[in-house]
Each structure stands twice: as structure tokens, then as C-alpha cells.
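*Asks:* Show me the folded form of this:
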Amino acid sequence: MSWEPIILTLKLALVATVLLLFISIPLANWLANTKNRFKPVFEALISMPLVLPPTVLGFYLLIAFSPNNTFGAWLDQAFGLSLIFSFEGLVFASIIYSLPFMVHPIQSGLSSLPKSLSEASYILGKSKFQTLRKVLLPNIKPALITGITLSFAHTMGEFGVVLMIGGNIPGQTKVASIAIYDEVESLNYGLANNYAIILLIFSFLVLLSVYLFNNGAIKRFWK
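*Replies:* This is a model prediction of the structure:
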């Protein structure tokens, strides 16, 4: 069994999760506080990956990023960036596909905080950014941990989107889910099981750590 797909999967999940965190915090903060009448529209767009078949999202990303398309051609000419059949394309697709798994927990956590926290911070002369970083985020650690973990685990399990946008290039886009599909097609069920059991165990441990953290079990253990 080659460990390359597993390592590539972990790399993809890590890069996508870090980028998602920086994107989702300001977005979730805006959603939690805005009174914009178009807020439901933005929330619906962010939540689309939850109900949209991955192949649909992957298909439209494939069309959009294709060099034969205006947008894809512009990316290639302006930045020398080709998002089709590349690791960068997988990262971009993963960010879109896992966005609600990061935004929703953070938005929920921020929405649950009393407004008096922000107001007291403003009275003390703190800016909105300082208030978010030093006051609000430290008070929603369980929501942050949940968003990070769910996004990481969800990215690890992607199949339809990564297959459509990345194809099956060893060392570049062949992640573990694609490797499982390949082995099943080749009737190598034993090898497919090896990949699958690794993802199964890793995903379980990641999710278990979230529930233990949120229930305070980890803190009690170390005490």
C-alpha cells in the first residue's frame, strides 16, 4: 500500500482548514451581527454545499476553471494559475465545499454571546478587530474547535468534488478517497479496505477529540 494518498489527504485537509479559518471568522462575525436584509441569501449560498451533490459543485468548478472558459483563461494569463487537475484546485474546491462546516459553528458561537461583552470592550477603547480577537473568540473556543475539526474531517472524506476538479494524478490529486475508488474498480478490495480503515479510524479519533473537549473530559483528564 502506498502512503502517498494518505499523506496528500492530510496535507489537503490541513491547508484547506487553515485557510477556511481565516476566511470564516470575519464572515461568521459579519453574519452574526449584520442586519442586512440580504443576510438569508448569503446564508443560503454558504450552506449550499450541505445539500448540493458534490458532483454538481465539482462540475461547475471544472467549467469555471477550465482554460477554455473566460475566468479560467484569465487566471492562467494573469497569475499563471491553473486550478484544473492541480493541488491548488483541490484546495480551492475544498474551501468552497467545507465552508459551511466552519462558518456555521463559529456564527452560532458568536451569536450566543451577550452583546454586553462587545459593548464593554468598545467602552474600554478596543477596536472591532481587537474585540473580536481578544474578547469574543476566546469565549467561543468550543465552537472554534468544532468548526476546525468538522472542516478537517469533511475535507478528508471528499470524493465527488476532488474527482471532478482534480482527476486522479498520483502525488498531485490522488487523495485517499480516490485511491479507494481506484482499488475497488480494480477489484483490489483488500487494499481498498486498508485505505478505508485508516480514514475510518482517523476520522473517528478526530471527532471523538471534539466531543471530549467540548464535554470537558480532556481537561478533567489532565487535571
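
*Asks:* What is the neighbour count of Phe92?
*Replies:* Neighbourhood size, Phe92 [other Cβ atoms under 10 Å]: 18. Where C-beta positions appear, they are placed from N, C-alpha and C, glycine not excepted.

*Asks:* what separates it from Ile165, distance-wise?
*Replies:* Counting by Cβ to Cβ, to the nearest Å, the gap from Phe92 to Ile165 is 8 Å.

*Asks:* What segments of the chain are strands?
*Replies:* Counting by DSSP state E, the chain has no strands to list.

*Asks:* remind me which residues of this structure are low pLDDT?
*Replies:* Where the chain drops to pLDDT under 70, the residues are 216-223.

*Asks:* By residue count, what's the longest helix in it?
*Replies:* The residue-count maximum for a helix in the chain (DSSP state H) belongs to helix 4-33.

*Asks:* residues in contact with Met164?
*Replies:* With contact taken as Cβ atoms under 8 Å, 6 or more residues apart in numbering, Met164 is in contact with 54-55, 58-59, 61-62.

*Asks:* hmm, 7 Å instead?
*Replies:* 55, 58-59, 62 (Cβ atoms under 7 Å, 6 or more residues apart in numbering).

*Asks:* what do you get for Ser24?
*Replies:* By Cβ under 7 Å, 6+ apart, Ser24 lies in contact with 99, 102-103, 106, 147.

*Asks:* Mind putting those residues into CSV with neighbour count and distance to Met48?
*Replies:* Converted to CSV, the contacts of Ser24 look like this (neighbours: other Cβ atoms under 10 Å; distance: Cβ to Cβ, whole Å):
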residue, neighbour count, distance to Met48
Leu99, 22, 9
Met102, 30, 14
Val103, 24, 12
Ile106, 26, 18
Gly147, 29, 18
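
*Asks:* what's the neighbour count on Tyr122?
*Replies:* Counted with other Cβ under 10 Å, residues neighbouring Tyr122 total 14.

*Asks:* How about it, nearest residue that isn't a chain neighbour?
*Replies:* Thr131 (6.7 Å; Cβ to Cβ, 6 or more residues apart in numbering).

*Asks:* Do I have it right that that neighbour meets Glu119?
*Replies:* No - Thr131 is beyond contact range of Glu119, at 9.5 Å (criterion: Cβ atoms under 7 Å).

*Asks:* more neighbours, the two?
*Replies:* Comparing Thr131 with Glu119 by other Cβ under 10 Å, the one with more neighbours is Thr131, at 19 against 11.

*Asks:* sorry, back to before: with distance to Ala176 added, can I get the contacts of Met164 in a markdown table?
*Replies:* Output for these, formatted as a markdown table (distance: Cβ to Cβ, whole Å):
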| residue | distance to Ala176 |
| --- | --- |
| Thr55 | 18 |
| Gly58 | 17 |
| Phe59 | 22 |
| Leu62 | 21 |
